[in-house]
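Q: Sharing a model prediction with you, sequence too.
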Amino acid sequence: ERVLDPLENRPGVARDIVGLNAGAALYAANAASSIAEGIGLARNAIESGAARAKLDSFVRTTQRLAGKKSM
């Protein structure tokens, strides 16, 4: 449960670290023009619920694909 705290927008060090790491990753992927911009994008995604929604979508897709593979 605590692993999901940052994506639930619960304040704390974990959310800050996720935002910083995601911001740096967005910059490294050329999705942001600076790390600061990337951090802003990451924070917006966390605060809006978009980051959690993307994780949930990923989980559903991998579970569906795993189910097809085991059939």
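A: All right, it came through fine. Numbers count the residues shown, from 1 in each chain.
Q: Tell me how far S33 lies from D5.
A: Separation of S33 from D5 (C-beta to C-beta, to the nearest Å): 29 Å. In short, each C-beta sits where N, CA and C put it, glycine included.
Q: and those two? which has more neighbours close in?
A: D5 (15 against 10; other C-beta atoms under 10 Å).
Q: and the closest residue to the more buried one other than its chain neighbours, how many neighbours does it have?
A: Counting by C-beta to C-beta, 6 or more residues apart in numbering, D5 lies nearest to A14, which is 5.6 Å off, once chain neighbours are set aside. When counting by other C-beta under 10 Å, one arrives at 15 neighbours for A14.
Q: What is the three-state secondary structure of A14?
A: At A14 the chain is in helix, as set by DSSP: H, G, I helix; E, B strand; the rest coil.
Q: Please shift the residue numbers so they start at 403 in all later answers.
A: With 403 as the first residue, the last one maps to A416.
Q: Next, the contact list for it, please.
A: R404, D407, P408 (C-beta atoms under 8 Å, 6 or more residues apart in numbering).
Q: Just send these back as a markdown table, with distance to A468, pLDDT and secondary structure too.
A: As requested, the contacts of A416 are exported to a markdown table (distance: C-beta to C-beta, whole Å; pLDDT from 0 to 100; DSSP: H, G, I helix; E, B strand; the rest coil):
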| residue | distance to A468 | pLDDT | secondary structure |
| --- | --- | --- | --- |
| R404 | 25 | 83 | helix |
| D407 | 26 | 94 | coil |
| P408 | 25 | 95 | helix |
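Q: Surely A427 touches I441?
A: No - counting by C-beta atoms under 8 Å, A427 does not reach I441; the two are 10.4 Å apart.
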